[in-house]
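**Student:** Generate a structure from the sequence data that follows.
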Amino acid sequence: MTGHTPPSSLLDGSLKTLRAALAAGTTLHAWLKPVDTGTPAELKASEDGQEIGRITARNTEEFEFRALLIETAGETSFSYDARTTKLSIVYAFSEADVLEKGIVVLYSGEANSTPPVPGSYHFRPPFGWMNDPNGFGRFGDKVHLFYQHYPHSLRWNTMHWGHAVSDDYLRWKHLPIFLFPSEGLSARADGRGGAFSGSAIPLAGEDPGIRVFFTQQVKDREPEEQIQLTAVSRDQISAGPAEIILPERPAGLDLTLDFRDPYVIKGPDGRWKMLLGSRDHAGGVILLYETADPDAAVGWSFVGTLHRENRFGMTAAECPCMVPLGGPADDPQTRWALIFGLLTSRDPATARRNITLATVGRFDGSTFVKEFEQELDFATDAYAFQAFVDHSGPVGIAWLANWTEISKRIDFPTAMTLPRRVLLDEGVLLTPPVDEVDSLRQDLIDERRLLCGDKVELANGAVEIVIDLAAPGAAFDLEFDHPDVELGVRLDPEGLSIVYDVPDGKLLPRYIAAGATPSTLRIFLDMGSIEVFADNGRWTGTKRLHGFAGVRSAYLSAPKGNVAAAKIWQLKL
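**Tutor:** Presented below is the predicted three-dimensional model:
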């Protein structure tokens, strides 16, 4: 496929038409459903007035997936009758070059089109709902990001896996939807389950093939709502048939039905290890499995409970991940970071919910001995963090949201955080942004006025602010003008805070790294988010902002001499 021209949409009574210039061998993916049971949905493809293909669907309860191959090059028209047919998504791609060029979205409906965010630099899906990152890793010469996805609206529903690739963690090409729910779950938009979170590893002996692991959820299925499956992709574009590898929870542990989010990594003994999140009636539990199979396809056996967290009551540990820090996995001196979310947890001191913990210790392949722990993010909107070991060391990414702000009554499109390195430095875990974020800097907006106490306009609000303090913990107050929320960053004797409030009067949590005394801060603002990295990620705070407006201006106040330097960079992909 040499490329597409932008589609046009014409309305002639009830007939709607999409037009696009397509190369020979283009594959079309479309989702459609009939308006009522009397007449099937139908989408026709034509070139030069001649019909070249037709797809139909009969299920009125959920959009059905159909594929169509366009064999000849030319301007192709896709037409349907709005009286009988509803469309959700239409996109086109060439299998030969989709990893380089991505898909071209020809149509997405009003219900699933994401808000326009021109100039934004965070990853967002091309349509629909997104939550947890899955299968984050390098396969072949590209970084792949899979993610929890519902394509047909901006709200959580039956889970698919979306997919994108990048050369630098920042500039992504969207790929075809990778994993689909089972046929029974796809029949209705009732949110009963689907392809839940998981991970991916290279396919043994078939570079650059991929093996993925995921949880299949079916609500009210007995005896197990959640089981673990694996599937293989030999083209990096689509997954083959899934096979069950763990059909039930381990017995005798008094576990609830929570049994999900398989994360697979090579252990220090050379065997594949799988971490799974669960809970019992005391707290969150992380389970460990292993296999001697070099393909990680069969032979998974339960090793034991790797870690548990009881301090927050009966909370589910979920989305676990584990990476070696600063050394090879088979070196006994290498420390490991075990990172996991605690669903429904609540910090009594700040009222923050759904906390993510990072524990660091030694791992011998069967037991993990914790040496210290810290919160991954003091503002908690970096959830379901997943990491892998890349050429430069561990790199992770998280969902830039928190379930406490999700509502079934509102649309809530979200983003992924900036990708972050995972480092161990003198007994502290650091999560700074990857070095590639420096390439986002386009223009130096200011290096004098903010420091002098002037209000600085921020254009579209997609900026990085760098503040150097004269001494660790030197107090300052950085105020932002945002149309929808009260927002700022403050450092005082209590610690480092993201100041956040909304006008509805609801009492919100405090987003504070208590006792933090940083010397340098990097603050990334974007439409819908703020990320704060203090002292190279020693303290990291991430907050999703209400709406999709940008911060309009910034104003810095501080005791004389506290701030040594302050710069603002315009950012752009």
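
**Student:** correct me, but Gly42 touches Thr56?
**Tutor:** Actually, residue 42 is Glu rather than Gly. Yes. Under the criterion of Cβ atoms under 8 Å, Glu42 lies in contact with Thr56, with a separation of 5.0 Å. C-beta here means a position set from N, CA and C on the backbone, and glycine is covered the same way.

**Student:** in the protein, which spans are helices?
**Tutor:** Counting by DSSP state H, residue ranges of the helices within the chain are 98-101, 183-186.

**Student:** would you turn these into CSV with mean pLDDT and distance to Glu373?
**Tutor:** Shown next, in CSV, are the helices of the chain (pLDDT from 0 to 100; distance: least, Cβ to Cβ, whole Å):
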stretch, mean pLDDT, distance to Glu373
helix 98-101, 97, 39
helix 183-186, 92, 37
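
**Student:** Those: which one's closest to Gly528?
**Tutor:** Using Cβ to Cβ as the criterion, the shortest distance between Gly528 and those is 27.1 Å, found for helix 98-101.

**Student:** center of this structure, which residue is that?
**Tutor:** Centre of the chain computed as the mean C-alpha position; nearest residue by Cα atoms, centre = their mean is Pro133, 3.5 Å away.

**Student:** Count residues in the vicinity of the closest residue to Leu179 other than its chain neighbours, would you?
**Tutor:** Counting by Cβ to Cβ, 6 or more residues apart in numbering, the nearest residue to Leu179 once its immediate chain neighbours are dropped is Trp161, at 3.6 Å. Around Trp161 there are 25 other residues, counting by other Cβ atoms under 10 Å.

**Student:** Renumber starting at 823 from here on
**Tutor:** From this message on, residue numbering opens at 823, which makes the last subject Trp983.

**Student:** Just list the residues touching Pro940, thanks.
**Tutor:** Going by Cβ atoms under 8 Å, 6 or more residues apart in numbering, Pro940 touches Asn1282.

**Student:** Next one, pLDDT for it please.
**Tutor:** The score at Pro940 is 90. That number is its pLDDT.

**Student:** got the phi/psi numbers for it?
**Tutor:** Phi and psi for Pro940, reported as degrees, to the nearest 10, are phi -60, psi 130.

**Student:** what's the spacing between it and Ser1100?
**Tutor:** From Pro940 over to Ser1100 the distance is 42 Å, taken as Cβ to Cβ, to the nearest Å.

**Student:** What is the burial count for Glu1070?
**Tutor:** Look at Glu1070: counted by other Cβ under 10 Å, it has 12 neighbours.

**Student:** what's the distance between it and Asp1042?
**Tutor:** For Glu1070 relative to Asp1042 (Cβ to Cβ), the value is 16 Å.

**Student:** How about Ala1380?
**Tutor:** Between Ala1380 and Asp1042 the computed distance is 57 Å (Cβ to Cβ).

**Student:** Kindly report the same for Gly1369.
**Tutor:** Counting by Cβ to Cβ, the separation of Gly1369 from Asp1042 is 36 Å.

**Student:** Compare these two (neighbour count), which wins?
**Tutor:** The residue with the greater number of neighbours, taking Gly1369 and Asp1042 and applying other Cβ under 10 Å, is Gly1369; the counts read 13 against 8.

**Student:** what's across from the residue nearest to Met981 when sequence neighbours are not counted in the sheet?
**Tutor:** What sits nearest to Met981 in space, not counting adjacent residues and going by Cβ to Cβ, 6+ apart, is Gly1016, at 3.2 Å. With DSSP bridges as the criterion, the beta-bridge partners of Gly1016 are Met981, Gln1039.

**Student:** can I see the domain layout of this protein?
**Tutor:** Following the assignment in automatic domain parsing, the chain carries domains at 830-915, 1023-1252, 1257-1393.

**Student:** From start to finish, how long is the last one in a straight line?
**Tutor:** It refers to domain 1257-1393. Domain 1257-1393 has an end-to-end distance of 14 Å (criterion: Cα to Cα, to the nearest Å).

**Student:** Equivalent analysis for the second one, please.
**Tutor:** According to Cα to Cα, domain 1023-1252 extends 25 Å from its N-terminal end residue to its C-terminal end residue.

**Student:** again, but for stretch 1069-1083
**Tutor:** Terminal residues of stretch 1069-1083 lie 14 Å apart, using Cα to Cα.
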